[in-house]
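**Q** model this:
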Amino acid sequence: MILNPIEVKDKRGQCIVLRSAEEADAEDMLRYMKETSAETSWLLREPEENRMTMEREISFIREMQESERDLMLVATMDGTHIGNASFNSSGRFQRLAHRCGVAIALYRKYWGRGIGEQMMRVLLAEAKKAGYEQAELEVVADNKAAVALYEKIGFQTHGHLPRYMKYKDGSYADALWMAKEL
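**A** Have a look, this model is predicted:
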């Protein structure tokens, strides 16, 4: 799915461009996956688990562009990649066709500036246009800022997933399963 560029402002008044990922973004997206994984324990992967090749990333971007119901949204500021958000179908069966999963991450230095909210609002509007009726996500339970953001834009908690992730030190993190009708 292709989204033409949209300009929004962050809390500081800086212009953020939201648009579909393009093949030219592949290198930035590979770096982003590694760096954001190292910045927080709230994402699914350890930095060393990001093994996507340039060829596979380009192929993934093409698939997202060609899809009628999936979107990879890129956020940039002054031409610099600052984050991604996406939605994907929850399954290939007709009984699941009304649901999509959403995901978002920003580089840590852009947290708290309202960019995530802007990205999620655009993402959810596009998901609705694509025919989805419900958006769903999983979030680490102690990620209070993310939980607050999701609640602010209408997500509700519908489940608690104990021991959702296990860290290298042997500790665990629970997660919340949240959904929003579109």
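
**Q** Not including adjacent chain positions, what is the nearest residue to the residue nearest to the spatial centre of the chain?
**A** Closest residue to the average C-alpha location of the chain: residue 104 at 2.1 Å, with Cα atoms, centre = their mean. Excluding the flanking residues, the one nearest residue 104 by Cβ to Cβ, 6 or more residues apart in numbering is residue 85, at 4.0 Å. Quick note: C-beta positions are derived from backbone N, CA and C, even for glycine.

**Q** Quick check: buried residues in whichever strand or helix holds that neighbour?
**A** Using DSSP states H and E, residue 85 falls within strand 80-89. For strand 80-89, burial by neighbour count (16 or more other Cβ atoms under 10 Å) applies to 81, 82, 83, 84, 85, 86, 87, 88, 89.

**Q** and what of stretch 31-39?
**A** Result for stretch 31-39 [16+ other Cβ under 10 Å]: buried residues 32, 33, 34, 36, 37, 39.

**Q** Pipe the residues you listed into a markdown table and attach distance to residue 58, secondary structure and pLDDT per row.
**A** Shown next, in a markdown table, are the buried residues of stretch 31-39 (distance: Cβ to Cβ, whole Å; DSSP: H, G, I helix; E, B strand; the rest coil; pLDDT from 0 to 100):
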| residue | distance to residue 58 | secondary structure | pLDDT |
| --- | --- | --- | --- |
| 32 | 15 | helix | 83 |
| 33 | 14 | helix | 85 |
| 34 | 17 | helix | 84 |
| 36 | 20 | helix | 82 |
| 37 | 20 | helix | 83 |
| 39 | 25 | helix | 77 |
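
**Q** Distance to residue 75 for those - can I get that in TSV?
**A** As requested, the buried residues of stretch 31-39 are exported to TSV (distance: Cβ to Cβ, whole Å):
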residue	distance to residue 75
32	10
33	15
34	18
36	12
37	18
39	16
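
**Q** Need the max-distance pair from these.
**A** 33 and 39 (11.2 Å; Cβ to Cβ).
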